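K.L.:
whatever this is, show me its structure:
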Amino acid sequence: MKLFGLGKAGGPGAGRLAGGQGDEDSLQLGAPARELPNAFVLESPVPVWTRTFAITSWPRGAGALWESLLASQVAFRVRFLAAPSGFKWGRGMETRLRRLMANVESVRESDRAAAARPEEVLAIQAIRRIRDALLYRGLRPVDIWCLITVESDSPANLAADCAAVTAALASRGIEAEPLTFDQSPAWAATLPTGDPQLRGIHGLKPRTGIVTAAARAVPADTGMGGDGCGVYVGHDAEGRRPVMLDFRRESDELNSNALVFGASGEGKSTWLKAVAVTGMLLDGWRVIVLDVDGEYRGVCEAAGGTWVDLSGVTGRYPDPCRFADPSGDPEEDAARFDRLLAGIDDVMSVMLGIEGPELELERAVVEQEAAALLASSGVTRDDPATWSNDRLPRDFTLRAVFDRIERRGAAGDTWARAAAQRLWRYFKGSLAGLFERPLPMDRMPGRLVVLYLGNPRASSAEEAAIGVKYQLAVRAVWEWLRQNKARGEWTAVVVDEAQRAMQHPVLAANVVDVATTIRKWRGSLFLATNAPADLWGSGWGERLWGNSLYKVIFALERDQVDALARRVNLPPGVAQAIASQTGMKRAVIRDGGRGWIQVRLSLPDEELELYRTRRVHPGVPTEELARAEGDARGLRAGG
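P.N.:
Here you go, the predicted model:
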């Protein structure tokens, strides 16, 4: 739906019809144009200055919402777009509703004279109305987008016109925000021939309403639900305003990663679980957690995720001897055979435990024997039609590759004999139990997967085994990132207790690689530690800090604050805030170039209880994992 307003004679925008249907000299679509952060300018003989707003909040009721705007001396046009919504009432919306209610209640309890923020009260009412309409009245939800473009003939008149528009809308309870750095596609979208899919406009989220309201072209009758753009990270500690961060936002300089620093007990892990796990899931992301303590099992099971125990006490391992599912991306799919060989080679390279020319020669033996085992069943690099797990030999396992290497060495091949001697311990010696229970990880088993890695501070006897497990886990993470990107999905990778996780060279090197390249895989890394100074001591700190758009800092010990301030630019007020937050469960957050803000999570008691730090011991696998193990056993048995 389009709505056009005509500027009145003598006022700003006089003599032009919004949409370019007035005087030919006043708007030429073929004229040169330039985009500013908050305006789009057509360089016609008479320049046209435009600014486009997105409606972010609607009142309830279908009154004459546009009367004030139509009566103003402004040239404008409005674009409504409605589409069937994927909105469903479930755990995600229950969580949003409980969070809002908890914050409203916390305001009332902390100050009996204070009033809860009106927008939060309205949001609670809107979500309840939508819930009732869906569950009890059988109505259908729709997603609504609304853009308003204001046009004028000069920067000064544009500013005055925009002020008049926002004031007129505000008088009816409608909130509008100008789009930043998206003015050109937004201007085009409001034209009569504008793109109905609103492509090119980043961070524009729909509002969800009920079909009866949308049918009147006023999507506010039953109320609007939904968050602002991004993921909830806490409430402004001073203004009690919810703070949202958009992790899908792309920066020209930084990956949308988040570094999270905080002393033990200050809220760091709770924030990570509430934001990096629950928040990202609610925002439609897939989430992978590398868990060295086992403390994420509770939140994993509550979210219906898959918890995989890869610690040294089990024989489970992500099976590298399987093809990744085709993704539909021709370039990625063309490399599936080579990625299979590389996965086997990466794991056995860790087992070999050497460097230099000898390693390269022994790695060549590994790949040659893996390729020969595949060829014995007709699976070859030259024929992509054979790249199917159904075509793999029934005994295509790491152990089967080792057996071929051992036989080749016994036949006199020097490098094969050397490789077999180094690998013997993993397949016939004390570490043979590592590979008893293969898990088919060729596809990410669900929207949330927690890989429990166990303590990296192991004895020397276990160090080699842990390195192999870590390599297998990281290989699965890389494969899932690749697959999710090809399917158009976003992935968050979470690493808690980094002060210990980053001590292992295999895990540390791969985590840093993820941090520096994850943007191209449509992802974000969340890394948390209680000892940020140790990151710089190990040589990783500068790369992690430089590749993270968001910094989240809870209270730290004074020596950690001082060490951090020596290595990065912390404004004096920020350093003081960090040191004075002790016991307050608050964090200062830096969002790229937008400065620092202090926040505190406001969550329902039952959700906070779920996030309490717990060290769990290995136990019965989740239902999804049990099914995966059953599938693997069936494949090995030829089922």
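K.L.:
buried residues in the helix or strand hosting V588?
P.N.:
Taking DSSP states H and E as the criterion, V588 maps to strand 586-591. For strand 586-591, the neighbour count (16 or more other Cβ atoms under 10 Å) marks 586-591 as buried. The C-beta positions use only the backbone N, C-alpha and C, and glycine is treated the same way.
K.L.:
using the record's assignment, carve this structure into domains.
P.N.:
2-227, 230-314+442-461+474-639, 320-439 (automatic domain parsing).
K.L.:
can you redo those as CSV with distance to G467 and mean pLDDT?
P.N.:
Listed next are those as CSV, based on distance: least, Cβ to Cβ, whole Å; pLDDT from 0 to 100:
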stretch, distance to G467, mean pLDDT
domain 2-227, 37, 68
domain 230-314+442-461+474-639, 5, 82
domain 320-439, 5, 91
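K.L.:
report the distance from stretch 351-363 to the chain centre.
P.N.:
Distance of stretch 351-363 from its chain centroid, counting by Cα atoms, centre = their mean, to the nearest Å, is 37 Å.
K.L.:
hang on, the earlier thing: what helices and strands are in contact with the next helix or strand after the strand holding V588?
P.N.:
The C-terminal neighbour of strand 586-591 among helices and strands, as given by DSSP H and E, is strand 596-600. Judged by 3 or more Cβ pairs under 8 Å, 6 or more residues apart in numbering; DSSP states H and E, the packing partners of strand 596-600 are strand 231-236, helix 572-579, strand 586-591.
K.L.:
direction included, what does the strand holding V588 pair against?
P.N.:
strand 550-554 (antiparallel), strand 596-600 (antiparallel) (DSSP bridges).
K.L.:
in the first one, what's buried?
P.N.:
Put plainly, it is strand 550-554. In strand 550-554, counting by 16+ other Cβ under 10 Å, buried: 550-554.
K.L.:
with stretch 578-588 instead?
P.N.:
Under 16+ other Cβ under 10 Å, the buried positions of stretch 578-588 are 578-579, 581-582, 585-588.
K.L.:
which residues does it contact?
P.N.:
Defining contact as Cβ atoms under 8 Å, 6 or more residues apart in numbering, one finds that stretch 578-588 is touched by 234, 237, 260, 262-263, 266-267, 270-271, 552-556, 558, 561, 570, 574, 577, 596-601.
K.L.:
excluding its backbone neighbours, what's nearest R408?
P.N.:
Distance criterion Cβ to Cβ, 6 or more residues apart in numbering; nearest residue to R408, sequence neighbours excluded, is A416 at 3.9 Å.
K.L.:
ok, that neighbour - contacts?
P.N.:
365, 369, 405-406, 408-409.
K.L.:
out of these, which is most surrounded?
P.N.:
Counting neighbours by other Cβ atoms under 10 Å, I405 leads the contacts of A416 with 27 neighbours.
K.L.:
distance of that one from E358?
P.N.:
15 Å (Cβ to Cβ, to the nearest Å).
K.L.:
check T517 too.
P.N.:
In this view, T517 and E358 are 29 Å apart by Cβ to Cβ.
K.L.:
cool, D605 as well?
P.N.:
Counting by Cβ to Cβ - D605 and E358 are separated by 59 Å.
K.L.:
list the helices and strands the helix or strand hosting F402 packs on?
P.N.:
Element membership of F402 [criterion: DSSP H and E] is helix 398-410. Counting contacts by 3+ Cβ pairs under 8 Å, 6+ apart, helix 398-410 packs against helix 336-352, helix 357-375, helix 414-427.
K.L.:
can you redo these as JSON lines with distance to G230?
P.N.:
Shown next, in JSON lines, are the helices and strands packed on helix 398-410 (distance: least, Cβ to Cβ, whole Å):
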{"stretch": "helix 336-352", "distance to G230": "33"}
{"stretch": "helix 357-375", "distance to G230": "44"}
{"stretch": "helix 414-427", "distance to G230": "45"}
